[in-house]
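Undergrad: got a structure for you, letters missing:
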């Protein structure tokens, strides 16, 4: 199969997530990066394009130009990855969707709810697909966890505990010129949620993806612990799910000793599971009243749901990039089906899109609202 | 040194915590059990006394009788352990305190705030000591954690996360004749808090002991997930500490796969620590910006605070019973000092007493109150 | 039941293992320490006796005196714990056995094979019991592991891997006045094996206890890495067991980062198990072709074999001292049966005695012999 | 930069390692697969080429044909990956080397020492490079471990413990038609060593890579535990290194519960390290007398040696494929330098080549020889 021609918006030199998207797109060989508007600074865009070996003609100074020109080429991009700061997601995505180009967009959906609603409308009206890289859903054992809940192995769910602590913003690094820290703590570029938007939204997404539940209301106590910080760097959230389950969500960027410690635990009346992102090939499962089992990717206890997105045997760890690549590969299958006018693959329902994105935005907004009201319950 | 003559109220055959107290009292050889009112059922009290080798004359049918008779003997008990269901704690403790007998009482302090206040008054007026077995404070690495916070190694505290999940009440075992489950889910004997009172109070105590902080207000969402259960079996609590730190507390008895998974994490602007009760000889410490260190009991990184309550070299695990024994041994030193009219040992400040007990009662009450108001903030 | 009157040889102030034996004897309340010959230095013996609250008349200057005098008292000791350096084990044990006093002796059996054979003969001729504290066999999950192998859950055994690394002799601490290090590196007091005798013998014992196998021959490469050290501080051993299984044993006292990291793995054609002393409440079990299970003491997967020697619920860690106490408690049951002329309890077969001791001596000797022949195979 | 044009020998449908090489080549975008002789069965070669999207003209029926034709094309392959069963490595590699095509070859070097020597000669005479994918050396924390040893952080090395247990050959799966198991247990295709050649050679390579030591002599006890198996499925090896360090190596494919549990521990007089392949982003380091540190990839304790081969921040796990890709990426840099006539990059010394391959062959041979002589010492 020929690789899908891919463009990229954002992701110039020094950007973390752009490099991740490029590797994720390459791992299974389904994409070929042929165009980019890699930076909002034209010289940087050009230099980054060169470094990536793009044809200079296809290294654009703005996403508008890229959408315009690429859509006119016969060999124009079929899909685009949007990896800019959050406030650019909506306008960029809309521009490409309107040209019938498939969009793979980094999370959270946008910086504001207004933008989110515009984008949602654009997605509804578009002929092309919209994929949101809530990448943690791509991990094989996360897929298995979801399938186990779905098939009733945990019984009726009661409690969902999710946490996502980091420590990289323990000090005021945004004041030292660190680019990543700068835009992520700037509400204009990042949105009103700080840690809530950056990582809380991942935690929320993961909890909902695995449990199959929706948050009905939440009470959030957000804090900016670092003096001068303009957005929250720690979020404490109580959640009540539709159907009666309850949960807690903790996100923090000021918890020394935590690198990227996303962890999910789900408990029902028949069993419990636990999964940690830093050791993603393992899923702990306790059928109530029996010993805990260690389920491993491609191991004896791995299910079809996990095996379908695995590449190599058990004990050979797959990591973050492979999980991310599973989103790209799932998107590729759907893009190809769409191009042929075929029904989208059944597994495409596992790939996050506009609905997950809107749920994430409602989550961030509800957290900010609740916190502004001293952690009152806010219905999502 | 001669062992301290000890009596016991409660703790007859089949009681879990009575056996624990007896072993804890024996481990370091500071006590000799010589009298008991081991059950509220006279025949059971007698049989239990026999099984433990008590002199039949000193195996009493009620704590009142024991307090009375023992206080008249020349070789009467010097201290008493109270290990009954919660609603008996206050009357029993008061009876012995009034006779000048030192009291070592299981937690939580009492079943009701009314009782707690009576007991507090009795303690204030008593000449004898009152010790509350919040045993987790006896673990060496918990002592070290507290000392590290106290000495500023973590800087200004920001976040305290504590959790205590179990799974033994996942089913309605109280309806199957399980004695432990029965009284612990009966509000008349246990108090208004279920998991909150049984284990949430431990979690709260541990968080405060290590952090040196006091909860200013909390918002709690308590749930009885098991149909028909009369007390909460899951508690989700947001906490705000005096001074600005914040935290979460989760206690649950319906989380399959968790045996007794008490875990504490404390984060400040200079570092973070993590400790888990099921692996109590380890303390994880991350000075911000440096690699995480594994501090082990009696190992290279162990401090005087930990070594003072350790018995054997690093790598030879000490467990729950030794941690519990550290409370008994600390109490013994204080009892002996008191008997000699000496100043109490400096380390006695580390032994939980009436203040920790009252704080625990306020915590349980605040949780129940807050939850009754849909998780509104309640000032403690 | 009345406690058994116990004496102790060795174990004066500062001795590590004496204190362990005393706590182990106390934990379940089956013994009362009433006499001692606590040091070979009379003044130290006296001071130690005082510190322990012994009646000065029963704090003896030598074990010979103690054996003599105590055996003449009506209330004389019924059992004695021998916790001296290795070279004293045999003469002391023989002295008490000849007086009909039950002996609980620390391992290894003796310092030399000659002594071992004399002791073996004395045990054979004695009316009293001889118990050897290979304490690691007392851990509940070790008992369970043995029972699982015995019942065939692992199938036909193929591979046994055992290791016991420590780091406390990484430097030449024996030259700095450290008493423990001094005698343990002195062949006259400790025996020809250094790490082999001190900890390799534990590893060998554990491997045989759990697997039920006997070493047929071994090839050992022993090394004294620390300049000037007179005994091995590292042992690399290949083992062939009767029946065809094979294994490796590694013991080391110069492996930085290892405190007391005894670990056993046993593999058969139907499954495998893994157990680590530093986390003794867990046993990992993999039935071949199924997910690994985490079996925990008193947890859902714990068997009668483990529960029989457990005190408290799962998740409340029992440690080294409780495992050690299980040897004392098992010995107490046997001593009481012997005193009544009853058959010894069935479980007494699980308590190490002279046979385990002789096997240990043959192991140490075979290691030393093999190593002297450049790691040639030596039949045990 | 333009990708390097790559061919592949072996790696048709269903082959495990071929897929791994292809992903590893793609991850950093340095290669483009343009030709293949993907199977020794022509139809399968063709079908596999189609599945991979190769130009049918460049999907060859034999490696000889590919070497011949590609070397005549202007756009012919610049490098070739050889991922066949071991007995084909030498003839294939020689064919391409003679055409000046760079060779990236799977390990072990060859099936026989004779072949190895021929290949060694061919490498010496070739103008093109020869890379051997001992991929575990590509893990960032393995690179850091090596750098730490090199810089003296562990002091003088004493003990090296390496093990590589698996369980996939616990049963006689080679008799059930499993292709992977078939050729790996066939001495004609795999070589005289079974587990020794397949995974023992990796363990040996890793131990030498990190420690910087060479095995001087070894004593090996190899066993085929599964009835009817023609090669060893378990190897127990004692090692003596040049300079006085000693070690043990265990490889097994019959150890239930082990997926791919390669683990290395290295101890010197100043410290120790431990690394496990299944959790490759962590390196445990204990400076003697200090607490153990957890060093993480891209974390606070990560060194330049690790960072140089890392892609994403700490806590975002990189896995097996990224480690493997580091070999490909290191090879690419060298190939490009060679093409330009420049000096090879300094880091190319970290990429395994013919020397590591010959050492591996000598290791396998010495194991087989020693075992045939009842585990006598064999000088390598």
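TA: Received, thanks. Everything numeric here is computed off the predicted structure, so don't read it as measured data.
Undergrad: Spit out the contact partners of whichever residue of the stretch 151-300 of chain A sits closest to chain C.
TA: In the stretch 151-300 of chain A, no residue comes nearer to chain C than residue A:291, which is 3.6 Å away by Cβ to the nearest Cβ. In short, each C-beta sits where N, CA and C put it, glycine included. Residue A:291 makes contact with C:285, C:293-296, C:299-301, according to Cβ atoms under 8 Å, 6 or more residues apart in numbering or on different chains.
Undergrad: same thing with residue A:147?
TA: A:303-306.
Undergrad: out of those, who's near chain C?
TA: Checked against chain C using Cβ under 8 Å from any Cβ of the partner chain, the contacts of residue A:147 give no members in range.
Undergrad: Kindly indicate which of those residues lies nearest residue A:348.
TA: If you rank the contacts of residue A:147 by distance to residue A:348 using Cβ to Cβ, residue A:305 comes first, at 14.2 Å.
Undergrad: Work out for me the element that closest one sits within.
TA: Assigned by DSSP states H and E, residue A:305 belongs to helix A:304-307.
Undergrad: Is there any residue in that helix that contacts chain D?
TA: No - contact of helix A:304-307 with chain D (Cβ under 8 Å from any Cβ) is absent, the minimum separation being 14.1 Å.
Undergrad: tell me the angle the next helix or strand after that helix makes with helix D:320-339.
TA: Going down the chain from helix A:304-307, the next helix or strand is helix A:320-340, by DSSP H and E. Relative orientation of helix A:320-340 versus helix D:320-339 (axes from the mean of the first three to the mean of the last three Cα atoms, to 10 degrees): 90 degrees.
Undergrad: Return the residues in contact with residue A:137.
TA: Residue A:137 touches A:143, A:146, A:205-206, A:209, A:327, A:350-352, counting by Cβ under 8 Å, 6+ apart.
Undergrad: Show me what from chain A comes close to chain D.
TA: A:1-2, A:16, A:19-20, A:22-23, A:26-29, A:53, A:166, A:168, A:258-261, A:277-281, A:296, A:299, A:311-322.
Undergrad: Pull out the buried residues from the residues you listed.
TA: Neighbour counting with 16 or more other Cβ atoms under 10 Å in any protein chain shown marks A:19-20, A:22-23, A:26-29, A:166, A:168, A:258-261, A:277-281, A:296, A:299, A:311-322 as buried within these.
Undergrad: any idea how far the residue in the stretch 51-200 of chain A that chain B sits nearest to lies from residue C:299?
TA: Among the residues of the stretch 51-200 of chain A, residue A:158 lies closest to chain B, at 4.6 Å counting by Cβ to the nearest Cβ. As for residue A:158, its distance to residue C:299 is 21 Å (criterion: Cβ to Cβ, to the nearest Å).
Undergrad: Repeat that for residue A:40.
TA: For residue A:40, the distance to residue C:299 equals 57 Å [Cβ to Cβ].
Undergrad: Grab the most central residue of chain A for me.
TA: residue A:134 (2.0 Å; Cα atoms, centre = their mean).
Undergrad: Do a quick rundown of the helices in the stretch 151-300 of chain A.
TA: Ranges of helices in the stretch 151-300 of chain A, per DSSP state H, counting those that start in this stretch, are A:179-184, A:187-190, A:195, A:201-211.
Undergrad: and among those helices, the most buried is which?
TA: helix A:195 (a mean of 32; mean count of other Cβ atoms under 10 Å in any protein chain shown).
Undergrad: Now do that helix: distance to the chain's middle.
TA: 14 Å (Cα atoms, centre = their mean, to the nearest Å).
Undergrad: can you list contacts of that helix?
TA: Contact partners of helix A:195, identified using Cβ under 8 Å, 6+ apart, comprise A:166, A:169, A:222, A:231-235, A:251-253.
Undergrad: taking those residues as a set, which two sit the farthest apart in space?
TA: Every pair of those checked by Cβ to Cβ; the farthest is A:166 and A:222, at 15.4 Å.
Undergrad: Spell out which residues of the stretch 101-250 of chain A are next to chain B.
TA: So the stretch 101-250 of chain A meets chain B at A:158-159, A:161, A:163, A:167, A:170-171, A:219, A:221, A:223, A:225, A:234, A:236, A:238, A:240, A:246-248, A:250 (Cβ under 8 Å from any Cβ).
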